[in-house]
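> Could you work out the structure for the sequence below:
(one chain, ligands or ions: 2)
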Amino acid sequence: MAEHEIEDLPGVGPTTADKLREAGYCTIEGIATASRSDLVEAAEIGESTAKKMIKAAREMADIGGFKTGTAVLEERKEVRKLKTLVDEFDDLMGGGLETKSISEVYGEFGSGKSQISHQMAVNVQLPEDVGGLGGSCLYIDTENTFRPERIEQMVNGLELDIEIPPVSEFLEHIHVAKGYTSDHQMLLIDSARELASELKDSEKPVRLIIVDSLTAHFRAEYSGRGTLSLRQQKLNKHMYDLAKLAEEYNAVVLVTNQVMSNPAVFFGDPTKPIGGNIVGHASKFRLYLRKSKGSKRVAKLVDSPNLPDGEAAFLVESAGLKSI
Ligand SMILES: Nc1ncnc2c1ncn2[C@@H]1O[C@H](COP(=O)(O)OP(=O)(O)OP(=O)(O)O)[C@@H](O)[C@H]1O
Ligand SMILES: [Mg+2]
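Ligands and ions are numbered 1, 2, ... in the order given. This is a model prediction of the structure:
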């Protein structure tokens, strides 16, 4: 697919392009998913120019067209499920995390977001008949919390009636990249796409892409009220890129998110995730994690389009995620 620049859109000359980029609209997709009033304000253009721009961007990015129900059904048939291997947790999600979409896990520090990430990096490599996807994992680590030792404990803690490959093999199929800033994190999507394409026909194609944490850098870098809209635009673009990867490679995208701890800055509920609707609307499953007694954690499914809201409790043990 040819890459377009925003200058390819009608009404976007060099000056307008500069203004758009400055406001965070750097790509066709960003403009395709923007609102008319945002563009009017960002680029100081008229309503009708903004309308034409969005329309052209949607066509170029192939967004917003209609498909028949049959085509949608065909696409859904390719969807696979990745299990946590904790029955109650998998049941809550109707069988597991789904490929071709983004799942978001959010909760306060220590609630188990990174533990779930590590466990899924292990499970994705297992054969499909025991709940895995026989694939590799790409792990974008923005908080420097990926630990190979933890993978080792979890591999050794697997309780399955199959021969488990050695730990070294599991580690070999987890590709970790550190994201140093929000911009760097966003750029890593390009490397992720390259690696996914490289491994596409290999024995272990990429079936899981983890971003832990999705929002930490964004939260730190865009903390004032005035920067909120730029942050949301960038997050929007990031989510869009991730959704495309999930779709293209039939992979699970798993992102972690923290809750807003300072309502004065984020003017919201302290149990609400960062990034709010932008992250929420792009996610298929939103799981809210909370700590319970000791190693017990409770996951709550929030606003799922086709599953009842509910909760599942599990344990985080040295052997990994386990049923109670
Ligand atoms: N080796 C282990 N054995 C048993 N429990 C562990 C082990 N490692 C971590 N845990 C449990 O997981 C918790 C940490 O969870 P995790 O790192 O997933 O939190 P998080 O939600 O990612 O938090 P943050 O927002 O700080 O990133 C620890 O408090 C502990 O209860
Ligand atoms: Mg963590």
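
> In the protein, which residue sits closest to ligand 2?
Ser114 (3.2 Å; C-beta to the ion). Quick note: C-beta positions are derived from backbone N, CA and C, even for glycine.

> surely that residue meets Asp212?
Yes. Contact criterion C-beta atoms under 8 Å: Ser114 and Asp212 qualify, at 5.6 Å.

> Those two - which one has more neighbours?
Between Ser114 and Asp212, counting by other C-beta atoms under 10 Å, Asp212 is the more crowded of the two (24 against 21).

> Compute the distance between that one and His118, please.
9 Å (C-beta to C-beta, to the nearest Å).

> list residues touching both of these two?
Residues touching both Asp212 and His118 (C-beta atoms under 8 Å, 6 or more residues apart in numbering): Phe146.

> Name the SS class of the residue nearest to the spatial centre of the chain, please.
What sits nearest the mean C-alpha location of the chain, by C-alpha atoms, centre = their mean, is Val255, with 4.0 Å. Recorded secondary structure, Val255: strand (DSSP: H, G, I helix; E, B strand; the rest coil).

> got the contact list for the residue in the stretch 201-324 of the chain that ligand 1 sits nearest to?
Relative to ligand 1, the nearest point of the stretch 201-324 of the chain is Ser318 (3.6 Å; C-beta to the nearest ligand atom). Neighbouring residues of Ser318 by C-beta under 8 Å, 6+ apart: 153, 157.

> Can you check the pLDDT for it?
Predicted confidence (pLDDT) at Ser318: the value is 98.

> Likewise for Phe266?
For Phe266, pLDDT reads 48.

> Begin at 3, not 1, for the rest of this chat.
In the new count, where the first residue is 3, that last one comes out as Phe268.

> Pull the contacting residues for Lys274.
Shown in contact with Lys274 (C-beta under 8 Å, 6+ apart): 261-262.

> what's the answer for the one 10 residues further on, then?
Residues counted as contacts of Ala284 (C-beta under 8 Å, 6+ apart) are 104, 238, 241-242, 244-245.

> try Met188
Here Met188 is in contact with 236, 239-240, 243 (C-beta under 8 Å, 6+ apart).

> what's the answer for Val157, then?
With contact set as C-beta under 8 Å, 6+ apart, Val157 has these partners: 124, 166, 169, 172.

> Over to Leu244?
104, 191, 211, 213, 255, 257, 284.

> SS state for the residue nearest to the last one when sequence neighbours are not counted?
Closest residue to Ala284 apart from its sequence neighbours, by C-beta to C-beta, 6 or more residues apart in numbering: Met241 at 4.0 Å. The three-state label given to Met241 by three-state DSSP is helix.

> Tell me where the chain has strands.
For the chain, strands defined by DSSP state E occupy the ranges 83-84, 99-100, 103-109, 138-143, 176-180, 208-214, 254-259, 285-293, 298-304, 313-319, 322-324.

> Pick the most deeply packed of these.
Comparing the strands of the chain by mean neighbour count (mean count of other C-beta atoms under 10 Å), strand 254-259 comes out on top with a mean of 29.

> before we move on, back to that, what are the bridge partners for the residue nearest to the centre of the chain, then?
Note on Val257: beta-bridge partners by DSSP bridges are Glu106, Val213.

> Pretty sure it sits against Ser105.
Yes. The criterion here is C-beta under 8 Å, and Val257 meets it with Ser105 at 7.3 Å.

> Between those two, which contacts overlap?
Ser285.

> Just the CA trace of stretch 249-264, in PDB.
In PDB, the C-alpha atoms belonging to stretch 249-264 read as follows (Å, rounded to 0.1, in the frame of the first residue of the first chain):
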ATOM      1  CA  GLU A 249      -6.200  -6.900  12.000                       C
ATOM      2  CA  GLU A 250      -3.400  -7.400   9.500                       C
ATOM      3  CA  TYR A 251      -1.600 -10.100  11.400                       C
ATOM      4  CA  ASN A 252      -4.500 -11.800  13.100                       C
ATOM      5  CA  ALA A 253      -2.900 -11.000  16.400                       C
ATOM      6  CA  VAL A 254      -4.000 -10.100  19.900                       C
ATOM      7  CA  VAL A 255      -3.000  -6.600  21.000                       C
ATOM      8  CA  LEU A 256      -2.900  -6.200  24.700                       C
ATOM      9  CA  VAL A 257      -2.300  -2.800  26.200                       C
ATOM     10  CA  THR A 258      -2.100  -1.800  29.900                       C
ATOM     11  CA  ASN A 259      -3.200   1.400  31.400                       C
ATOM     12  CA  GLN A 260      -3.200   3.000  34.700                       C
ATOM     13  CA  VAL A 261      -6.000   4.800  36.500                       C
ATOM     14  CA  MET A 262      -6.200   8.500  37.000                       C
ATOM     15  CA  SER A 263      -4.600   9.100  40.400                       C
ATOM     16  CA  ASN A 264      -4.900  12.800  40.400                       C
END
